[in-house]
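Chemist: Need coordinates for the below:
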Amino acid sequence: MRISVVAVGTRMPAWVTLGVDEYSKRMPRELKPVWREIPLARRAKDTAGGQACASEGAKILKAIPSAERVIALDVGGKRISTAQLAEQLAVWQMSGDNYSVVIGGPDGLSPSCLARADQCWSLSELTLPHPLVRVLLAEQLYRAWTITVQHPYHRA
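Modeler: Numbers count the residues shown, from 1 in each chain. All right, here's what the predicted structure looks like:
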């Protein structure tokens with residue numbers, strides 16, 4: 001099993017890279033997420049946000065192998081708890097499938113990305129900056145793993 005994170009945006013601030021790296025290095029080798037970055041589409045005053053979102057969506061879909069299961073992070077998705085994520089992670093490990101978690105850009109995910117998703121999750125009802133979502137996702141994956149192995153990091 002492999003977990004990939006496909007995220008729109010490159011050249012993240014140092015604090016994002018440090019946060020993601022910190023949680024990634026704590027993960028066991030077999031669960032360490034592979035991060036793939038998709039460049040932001042050009043946005044101009046005369047360009048509609050939907051065009052940029054569609055362009056990014058096409059690049060996201062191209063970056064995901066056809067056999068992978070896709071989890072889209074979207075404000076309209078299902079809210080899950082950390083305990084539910086831990087249960088999901090255990091199911092993923094037993095399935096043997098590969099998974100891609102998709103993080104959109106400033107305009108979110110295109111309808112084609114949402115249609116490709118096997119599941120759609122919301123991390124919060126709050127609007128979160130996309131760089132912060134990367135750190136939050138990395139921490140939650142680590143926390144979920146610690147729950148599955150009964151490590152004391154998570155305190156319910």
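Chemist: Residue 100: neighbouring residues, count only.
Modeler: For residue 100, the neighbour count with other Cβ atoms under 10 Å is 24. Using the backbone N, CA and C atoms, a C-beta is placed for each residue, glycine as well.
Chemist: again, but for residue 101
Modeler: Residue 101 has 21 neighbours, counted by other Cβ under 10 Å.
Chemist: start to end distance for stretch 2-12?
Modeler: Counting by Cα to Cα, to the nearest Å, you get 23 Å between the two ends of stretch 2-12.
Chemist: Would you mind listing the buried residues in it?
Modeler: By neighbour count on 16 or more other Cβ atoms under 10 Å, the buried set for stretch 2-12 is 3-9, 12.
Chemist: would CSV of these with secondary structure be doable?
Modeler: Formatted as CSV, those follow (DSSP: H, G, I helix; E, B strand; the rest coil):
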residue, secondary structure
3, strand
4, strand
5, strand
6, strand
7, strand
8, strand
9, coil
12, coil
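Chemist: Between those, which sits nearest residue 63?
Modeler: Of all these, the one with the least separation from residue 63 (Cβ to Cβ) is residue 6, at 5.2 Å.
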